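Peer 1: mind folding the following:
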Amino acid sequence: MLLQPPLPKGLPNGRLLSRKFFADAIRPDPELTVDQWADRNRVLTTETSAEPGPWRTDRTPYLREIMRALSPADPCQEVTFVAGTQVGKTECGNNFLGFVMDWAPAPVMLVMPTSNTGKRSSRTRLAKMIDSTPSLRGKISENARDKSNSTMLKDFPGGVLVIAGANSAAELKTMPVRNLFEDEVDEYPDDVDGQGPADELAEKRTDTFVRKKIFRTSTPTIRNRSKICKHFDRSDQRRYHVPCPLCGHEQTLRWDQMRWETRKTWEITLVDSGEIREVEPGTEGAVERDSGEVIEAFYECEHCEGRIEEHRKTEMLERGRWIAANPAIGRIGFHLNALYSPLGWFSWRQAVEKKLQADKDPSGELLKVFTNTILAEAYEESGNSVPAHELKQRVEKYALKTVPAGGLFLTAAVDVQGNRLEVKVKAWGRGEESWLVDYQVLFGDTEQAEAWKALANYLFETTFRHEWNVPMRIITTAIDSGFRTQYVYDFVRRYSRRNVIAVKGMSRPGKAILGRPSDQDVNHKGAMIKNGVQLWPVGADTGKARIYARLKIATPGPGCLHFPLGLPEEYFDQLTAERLITRFHRGYAKHVWEKDAGARNEALDLELYAYAAALRAGVARTNWDRLEATLKASAGDLFVKAAESMSKPDETASIGAKDDESAPNPAPAAPVQTSGRRAFPRRRGGFVNHF
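Peer 2: So this is what the prediction gives:
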């Protein structure tokens, strides 16, 4: 007779044992939230995180409520997250994806701005997350040839992850999904393939599911055009309130309450050499200057006005809570700026440094970046048009062909037309402040040599009187080669030693104002000739945006444009002839500069090329104190009068250089070198310093 093995204690027969196993099998999984799943399973890698290791929601406590809203137990269907830089918004979305694949399987889609960014995200962030998270690794095929685990599609038990680009309607309409993660929504096209906004096409994929989750996040862009801000405005608008560690008052972190100190220096300029020396405070004749170096940054409590050091931020974040401005609204929305970034990620000092850099940028581009990425606010564009009549009212009391005190070197720009050459001369000073010195129209057939001889005579023989009674000459000239191209090349080749360059405007968004030159001269074999003519590309879109931003600066100082007496009325009309408009191409908004039919814009083009010439001359890296000291020294030089009577400009402005087509381009001359001696040793940098 076979003996039955003893049953576990407390089980009198096998029937109860089988029932226990069955009950365990059908028992529902314990309720789990996205943040709990991430704390248990997620592992960050060195390739994707500055803090590799197990995920800790306590490091970013403000993300806990967001991830719980994305959990199945929460009834909300849409979650919007407006976020600044370095607060963890993308990793929050990746936790959502990982949770769905591991714990709540269902069809899910990740939408990136383009198909390429989707592929990049799949190969880097998603692949690393799957490989480093044990609970996910076994659910995705590791076979590179397995179609169930491709770059844009990943099968897992109970569902599938689809990666789509917002620029492809076909990808967005692949299949219905229960869960949707839209990253960087503001970069999505407004009309994709003629079928409507990309975000709306993607969200249509969730319509067939009653219990769905849509998580959209982005850094905002332009006010009234920002998609993420529109979604946030329709939500309950939650903001993270943190208590003051000094008085306990709850408040949101706002830029208005940031405080900082910068290092101050005291300097004197030696009259004989122009050398600048740093001296002790209180030294006679010393001038105090702000170095711009941030030595400390702290936050001031809006209630007790106490000083909150950044190291207290950790405890503030731990004790913080989200408070909704419109709690009755069913949609959930969160807003968080970069001031909340945890210690070690993005500091208050870095934020202050970014703001100080933005304040020095007259174009306003850096301020836009600061507003979007750090404050997490939409940037308010002030418009791109500047009324011509407002500029006419800013005409100053200095005459053409004279240089005000702030102008320290001269550049010129030339526009080529069929029957004339138009020339603009600009003076440049500190902070790229500029003065219009002359505007001439040289009439003549530009197919004939006489017109180009007249141009050479104007550029190389004309002197301009500085306010300190010093004669100045043009140190570099940019000529537009878009018309009469070969004539321009011939002229540039002949006078290259006088720093004459050929330029061509390129209408391409984001292109540098002055790009890298390309060789144009070739020999009979088609090979490029060394030291031949070079063509310098000029970013027209970027340059015109900067010019229009500076036209709005009415206060003398960095970036301000000054206008003399004697300009014709049409000059200001030409300078403001273009406007920035928005056109849509294949669903993407493109901002292009256009002028009315028949309107002339030579003054604007010349403004752009004169600025390109200044960049070529080193306006962004000039030692202005040294240049000013040299100019002042020349004002009292006994050889000034002799310099005025010299017949060859080479002896004063070109350090004795002769026109030679075969000679290499030397470093350009100083704007004022009247005695034939060098005041300072040669130094690296812009060639306005090479004297």
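Peer 1: ok, S341 to T85 distance?
Peer 2: 7 Å (CB to CB, to the nearest Å). Every C-beta, even on glycine, is put in place using the N, C-alpha and C of the backbone.
Peer 1: those two: which is more packed in?
Peer 2: Using other CB atoms under 10 Å, the more surrounded residue of S341 and T85 is S341, with 24 against 19.
Peer 1: who's in contact with that one?
Peer 2: Applying CB atoms under 8 Å, 6 or more residues apart in numbering, we find S341 in contact with G84, T85, Q86, V87, S347.
Peer 1: stretch 62-80: how far from the chain's middle?
Peer 2: 32 Å (CA atoms, centre = their mean, to the nearest Å).
Peer 1: typed the wrong thing, it's stretch 402-420
Peer 2: The answer for stretch 402-420 is 30 Å, by CA atoms, centre = their mean.
Peer 1: repeat that for stretch 282-298.
Peer 2: With CA atoms, centre = their mean, you get 28 Å for stretch 282-298.
Peer 1: from the contact counts, what lies against the helix or strand K154 falls within?
Peer 2: Assigned by DSSP states H and E, K154 belongs to strand 153-156. Strand 153-156 is packed against strand 159-165, with contacts defined by 3 or more CB pairs under 8 Å, 6 or more residues apart in numbering; DSSP states H and E.
Peer 1: hey, C-alpha coordinates of the helix or strand just after the strand it packs on in CSV?
Peer 2: Proceeding N to C from strand 159-165, the next assigned helix or strand is helix 169-172, under DSSP H and E. C-alpha atoms of helix 169-172 as CSV (Å, rounded to 0.1, in the frame of the first residue of the first chain):
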residue,chain,number,x,y,z
ALA,A,169,0.1,61.4,-41.0
ALA,A,170,0.6,57.8,-42.0
GLU,A,171,2.6,57.0,-38.8
LEU,A,172,0.1,58.9,-36.6
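Peer 1: show residues contacting helix 169-172.
Peer 2: Contacts for helix 169-172 (CB under 8 Å, 6+ apart): 111, 115, 152, 162, 164-166, 192-193, 195, 198, 201-202, 205.
Peer 1: sorry, back to before: show me what counts as buried in the strand holding K154.
Peer 2: Neighbour counts over strand 153-156 (16 or more other CB atoms under 10 Å) mark L153, K154, D155, F156 as buried.
Peer 1: who does the third one bridge with?
Peer 2: Beta bridges link D155 to V160, judged by DSSP bridges.
Peer 1: shouldn't it be in contact with V162?
Peer 2: No: counting by CB atoms under 8 Å, D155 sits too far from V162 to count as a contact (10.2 Å).
Peer 1: in ChimeraX, how would I select the buried members of the contacts of helix 169-172?
Peer 2: Typed into ChimeraX, the line below selects the buried ones among the contacts of helix 169-172, using 16+ other CB under 10 Å:
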select :111,115,152,162,164,165,166,192,193,198,201,202,205
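Peer 1: export the contacts of helix 169-172 as CSV, with columns for distance to G282.
Peer 2: Shown next, in CSV, are the contacts of helix 169-172 (distance: CB to CB, whole Å):
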residue, distance to G282
V111, 62
S115, 64
M152, 68
V162, 70
A164, 66
G165, 63
A166, 61
V192, 66
D193, 70
Q195, 71
A198, 63
L201, 68
A202, 66
R205, 71
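Peer 1: determine which two of the contacts of helix 169-172 are furthest apart.
Peer 2: Greatest spatial distance among the contacts of helix 169-172 (CB to CB): M152 and Q195, at 19.6 Å.
Peer 1: quick one: the strand holding K154 to chain centroid distance?
Peer 2: Averaged over its C-alpha atoms, strand 153-156 has a centre that lies 36 Å from its chain's centre (CA atoms, centre = their mean).
Peer 1: now the strands: where do they sit in the stretch 201-350 of the chain?
Peer 2: 213-218, 238-243, 250-251, 258-269, 276-279, 287-300, 307-308, 321-324, 332-336 (DSSP state E, counting those that start in this stretch).
Peer 1: could I get those as TSV with mean neighbour count and mean pLDDT?
Peer 2: TSV is the format used below for the strands of the stretch 201-350 of the chain (neighbours: other CB atoms under 10 Å; pLDDT from 0 to 100):
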stretch	mean neighbour count	mean pLDDT
strand 213-218	25	96
strand 238-243	20	97
strand 250-251	15	97
strand 258-269	14	88
strand 276-279	13	79
strand 287-300	14	88
strand 307-308	17	96
strand 321-324	15	96
strand 332-336	24	97
